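> All I have is the shape, not the residue letters:
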């Protein structure tokens, strides 16, 4: 099921808090997620992207350092 922009924004916010060791933060896990055409202009550092569909996603300034990238669809947009 495709994730809404509101759901994505909430997960990205929790992930940012997790990276900054703030309370309530949670590591983003997009295992089996459909992020088709998602706007991912953010820090994806340490994301779990196992079997994630990123077809057409915009990763222009995304930081994928140490992200788990096993088996995901890597056809994305670079502008």
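Yep, it's here. The structure displayed is predicted, hence computed values, not measured ones. Residues are numbered from 1 along each chain as shown.
> Flag the shaky bits of the protein, pLDDT-wise.
Along the chain, the parts satisfying pLDDT under 70 run over 1, 72-79.
> which residues touch the residue nearest to the spatial centre of the chain?
The geometric centre of the chain, computed from its C-alpha atoms, lies nearest to residue 44 (CA atoms, centre = their mean), at 5.6 Å. Contacts here follow CB atoms under 8 Å, 6 or more residues apart in numbering; on that basis residue 44 touches 28, 59, 62, 63, 64, 67. Where you see a C-beta, it was placed from the backbone N, CA and C, and this is true even at glycine.
> Give me the buried subset of those.
Buried positions within these, assessed by neighbour count (16 or more other CB atoms under 10 Å), are 28, 59, 62, 67.
> re earlier: out of the contacts of residue 44, list just those in strands.
Counting by DSSP state E, the contacts of residue 44 place none of their members in strands.
> want to try TSV for these, with distance to residue 3 as columns?
As requested, the contacts of residue 44 are exported to TSV (distance: CB to CB, whole Å):
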residue	distance to residue 3
28	11
59	15
62	16
63	20
64	18
67	17
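> Nearest to residue 37 among those residues?
Proximity of these to residue 37, judged by CB to CB, is greatest for residue 59, which lies at 11.4 Å.
> so that closest one sits right up against residue 40, yeah?
Yes - taking contacts as CB atoms under 8 Å, residue 59 lies within contact range of residue 40: 5.3 Å.
> any idea how far the residue lying farthest from the centre of the chain is from residue 2?
Within the chain, the residue lying farthest from the chain centre (CA atoms, centre = their mean) is residue 23, at 20.2 Å. Computed as CB to CB, to the nearest Å, the residue 23 to residue 2 distance reads 30 Å.
> swap in residue 65?
Counting by CB to CB, the gap from residue 65 to residue 2 is 26 Å.
> and residue 10, that's in a helix?
Yes - checked against DSSP: H, G, I helix; E, B strand; the rest coil, residue 10 lies within a helix.
> Nice, that's everything, thank you.
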